[in-house]
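>>> Can you look at this prediction? I've put the sequence above it.
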Amino acid sequence: MAAGLIESKLQQLGLDQDPEAFVAGLPPHIKRRVEALQDLQKSKDELESKFRKEKAELEAKYEKLYAPLYSERSQIVAGDKAVPPKEGEPADPADVKGIPEFWATVLLKCDITAELIKDKDFEVLKFLTNITSEQDFEDGAPRGFTLKFHFAENPYFTNTVLEKKYVMLPEDEGVLEKAVGTKIEWKEGKDVTVKLMKKKPKKGAKADAKPQMKTEKVESFFNFFSPPEVPGEDASIDEEEMEELQALIEADYEVGATIREKLVAKAVSWYTGEAIEDEPYYFGGDDEDEEGFEDEEDEDEEDDDA
């Protein structure tokens, strides 16, 4: 009986009507009051729009004021600016420059980013020298932000900077339009986002039969630069797929926002552990190999050990 009452009420509420038709069908005395509320809402929305613009301008102003501090931080981390020993301390060792693995440590101490980092990623992240963030504007209005990951020369890829750009809808600062990442130019055999799989020939196969080979995508921090695409309005996608995609998009944005708002802003506090939140910690690990296939790289390592 209760379900019938709810169903009846939902029909009365005009959920199958467009908003204008719903308001037009209200009794005159209710319609008049609803229209007054709509006017108030319009005024509030105009103020909120003004607030978002002024907030973005204020953030941009202070980003410029923060810039020299972040630049000096980067110089100290890289070892380009010396910090003299305190009285009584020994001289710095000649073979240690700056603060090794500073940003890799920062990323590992935050659970949101640590979940993405696998063993092979950490070897690459040792070459990460700085992370910067810039707010993006279009026609004076905020349109999102760009993260820049600066790398020293390394044996893994040729890029010196990897970017991740989050573009927000112009009419609503809180709604993501799309995310775009840099294409990583991996050096041969160094792509940590894939692994080479080899399946041995079946019993009875010819002695000279070659094993089946394939590459397989694996979990990696560097998949962060290949974000899920936001589907267009005309995209054909079922509800379950949409929910899965929405979850991926939200998770990706959470990582980007965390890096911008927490890690870049308070990097040394994450490095020391002061900023670690009281949350369950996750240690990333590699997934088990697909059944029937062996990790070609692991097998090569075993051969080398032999």
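Great, that's in hand.
>>> From here on, just use CA atoms for contacts and neighbour counts.
Fine.
>>> the strands in the stretch 201-306 of the chain, which residues?
Taking DSSP state E, counting those that start in this stretch as the criterion, the stretch 201-306 of the chain carries its strands at 212-217, 294-295.
>>> which of those has the lowest average pLDDT?
Across these, strand 294-295 has the smallest mean pLDDT, namely a mean of 56.
>>> chain center to the helix or strand hosting residue 38: distance?
Element membership for residue 38 (DSSP states H and E) is helix 28-78. Centre-to-centre, helix 28-78 and its host chain are 22 Å apart (Cα atoms, centre = their mean, to the nearest Å).
>>> cool, and stretch 5-21?
With Cα atoms, centre = their mean, you get 40 Å for stretch 5-21.
>>> taking the mean pLDDT, what do you get for it?
For stretch 5-21, mean pLDDT rounds to 75.
>>> just stretch 183-199 next, same as before
On average, stretch 183-199 scores 90.
>>> Identify each buried residue in it, please.
Buried residues in stretch 183-199, counted by 16 or more other Cα atoms under 10 Å: 184, 191, 192, 193, 194, 195, 196, 197, 198, 199.
>>> again, but for stretch 153-163
For stretch 153-163, by 16+ other Cα under 10 Å, it's 156, 157, 159, 161, 162, 163.
>>> want to throw those into TSV with secondary structure?
TSV is the format used below for those (DSSP: H, G, I helix; E, B strand; the rest coil):
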residue	secondary structure
156	coil
157	strand
159	coil
161	strand
162	strand
163	strand
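>>> how about the helices in the stretch 151-300 of the chain?
Shown for the stretch 151-300 of the chain, the helices assigned by DSSP state H, counting those that start in this stretch span residues 239-258, 267-272, 296-305.
>>> Turn those into JSON lines, columns for mean neighbour count, mean pLDDT and distance to residue 19.
Formatted as JSON lines, the helices of the stretch 151-300 of the chain follow (neighbours: other Cα atoms under 10 Å; pLDDT from 0 to 100; distance: least, Cα to Cα, whole Å):
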{"stretch": "helix 239-258", "mean neighbour count": "14", "mean pLDDT": "90", "distance to residue 19": "24"}
{"stretch": "helix 267-272", "mean neighbour count": "18", "mean pLDDT": "96", "distance to residue 19": "48"}
{"stretch": "helix 296-305", "mean neighbour count": "11", "mean pLDDT": "52", "distance to residue 19": "60"}
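>>> of all those, which lies closest to residue 102?
Among the helices of the stretch 151-300 of the chain, the nearest to residue 102 by Cα to Cα is helix 267-272 (6.8 Å).
>>> Are there helices or strands packed against the closest one, and which ones?
helix 102-109 (3 or more Cα pairs under 8 Å, 6 or more residues apart in numbering; DSSP states H and E).
>>> if you average pLDDT over the helix it packs on, what comes out?
97.
>>> Report all helices and strands that it contacts.
Secondary elements touching helix 102-109 (3+ Cα pairs under 8 Å, 6+ apart): helix 111-114, helix 119-125, strand 128-138, helix 267-272.
>>> rerun that using 7 Å as the cut-off
helix 111-114, strand 128-138, helix 267-272 (3 or more Cα pairs under 7 Å, 6 or more residues apart in numbering; DSSP states H and E).
>>> Please identify the buried residues of the second one?
Which is strand 128-138. In strand 128-138, counting by 16+ other Cα under 10 Å, buried: 128, 129, 130, 131, 132, 133, 135, 136, 137.
>>> Generate a markdown table for the helices and strands packed on helix 102-109, with distance to residue 144 as supplementary columns.
Conversion of these to a markdown table gives the following (distance: least, Cα to Cα, whole Å):
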| stretch | distance to residue 144 |
| --- | --- |
| helix 111-114 | 20 |
| strand 128-138 | 5 |
| helix 267-272 | 21 |
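>>> And those: which comes nearest residue 16?
Using Cα to Cα, the nearest of those to residue 16 is strand 128-138, at 36.9 Å.
>>> quick one: which of the buried residues of strand 128-138 is nearest to residue 24?
Comparing the buried residues of strand 128-138 against residue 24 with Cα to Cα places residue 137 closest, at 39.4 Å.
>>> Nearest residue to the closest one in space, please, no chain neighbours.
Closest residue to residue 137 apart from its sequence neighbours, by Cα to Cα, 6 or more residues apart in numbering: residue 143 at 5.1 Å.
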